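**Student:** coords please:
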Amino acid sequence: MQKDIKEIISNLRKMHGAPRCELIFSNPVELVVATVLSAQATDQKVNEVTRSLFQKYRVWKDYLSVPIEELEEDIRPTGFYRNKAKSIRNIAGEIEGRFGGRIPEDVDTFATVKGIGRKSANLIVGLAFGKPAIVVDTHVIRVSRRIGLTVNKDPDKIEQDLRKIIPEGMWTDFSLLVTLHGRYMCKAKNPECETCLIRESCDYYKGGRKDV
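**Tutor:** Sure thing, here's the model as predicted:
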């Protein structure tokens, strides 16, 4: 069945309000760091940590000049702090060394930075620079498959599927809204289908997809 993407997005807005990322940031550097810290951590916990972190570290050179043990301690509450500190240092070094301290505004280029990956590159470029980007996180994977917008499980293939059916100008808004939907309503366990405004467009609700 052909899906009415504009209607789906309209109903997602009715349920969740304006498209938004729940990480708090004020510039691209902060968004990159918050995105790294958000792995296996809630946005709420990340925001608690970055409240003071972003006062101490303002530019990439701040992250490169501090002893790694000190950076680890500053981000410890987000979990996996050693790996995250290593990633932040690597990203900072690459952006300084390869790009003169400026975050690439092109997703394909930015995704080549070790520690970023395509999902994060799409999120950062979409939010920090206003470029159309489809962010395929766990929520987008689950919800898109349940609705019936893709049958794929591979994030790169899902991104390509969504690019074909969603108008480019809606890519970022769609991604943010679907993430909110997956987080608060279309949960992995016990999705709240009866109160969902897009259930009539959803294969999962209608019994067509029970494998997600």
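
**Student:** which stretch of helix or strand covers residue 90?
**Tutor:** helix 81-99 (DSSP states H and E).

**Student:** got the contact list for whatever helix or strand comes next after that helix?
**Tutor:** As assigned by DSSP H and E, the chain's next helix or strand after helix 81-99 is helix 107-110. Outside helix 107-110, the residues that touch it by CB atoms under 8 Å, 6 or more residues apart in numbering are 103, 104, 116, 118, 121, 122, 124, 125, 131, 133. For the C-beta atoms, the positions are set from N, CA and C on the backbone; glycine is no exception.

**Student:** Weed out the non-buried ones from these.
**Tutor:** 103, 104, 116, 118, 121, 122, 124, 125, 131, 133 (16 or more other CB atoms under 10 Å).

**Student:** close enough to count as contact, the first one and residue 128?
**Tutor:** Yes - under the criterion of CB atoms under 8 Å, residue 103 is in contact with residue 128, at a separation of 6.9 Å.

**Student:** Could you check how far the helix holding residue 90 is from the centre of its chain?
**Tutor:** Relative to its chain's centre, helix 81-99 lies at 19 Å (CA atoms, centre = their mean, to the nearest Å).

**Student:** For it, buried residues please.
**Tutor:** 81, 84-89, 91-96.

**Student:** Equivalent analysis for stretch 147-155, please.
**Tutor:** 147, 148, 149, 150, 152, 155.

**Student:** Quick one: residues in contact with it.
**Tutor:** 1, 3, 8, 118-119, 136, 141, 144-145, 157-158, 161-162, 165, 198, 201-204, 208-209.

**Student:** Buried among these? Need that as a selection in ChimeraX.
**Tutor:** Buried residues among the contacts of stretch 147-155 (16+ other CB under 10 Å), as a ChimeraX selection:
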select :3,8,118,119,136,141,144,145,158,161,162,198,201,202,203,204
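
**Student:** In helices only, show me the contacts of stretch 147-155.
**Tutor:** Among these, DSSP state H puts 8, 118, 119, 141, 144, 145, 157, 158, 161, 162, 165 in helices.

**Student:** which two of those lie the greatest distance from each other?
**Tutor:** 8 and 118 (23.5 Å; CB to CB).

**Student:** And the residue positioned nearest the centre of the chain, how far from residue 134?
**Tutor:** The C-alpha lying nearest the average C-alpha coordinate of the chain belongs to residue 123 (CA atoms, centre = their mean; 4.9 Å). From residue 123 across to residue 134, the span is 10 Å (CB to CB, to the nearest Å).

**Student:** just residue 155 next, same as before
**Tutor:** For residue 155, the distance to residue 134 - CB to CB - is 10 Å.

**Student:** Which strand or helix spans residue 132?
**Tutor:** In this structure, residue 132 sits in neither a helix nor a strand according to DSSP H and E.
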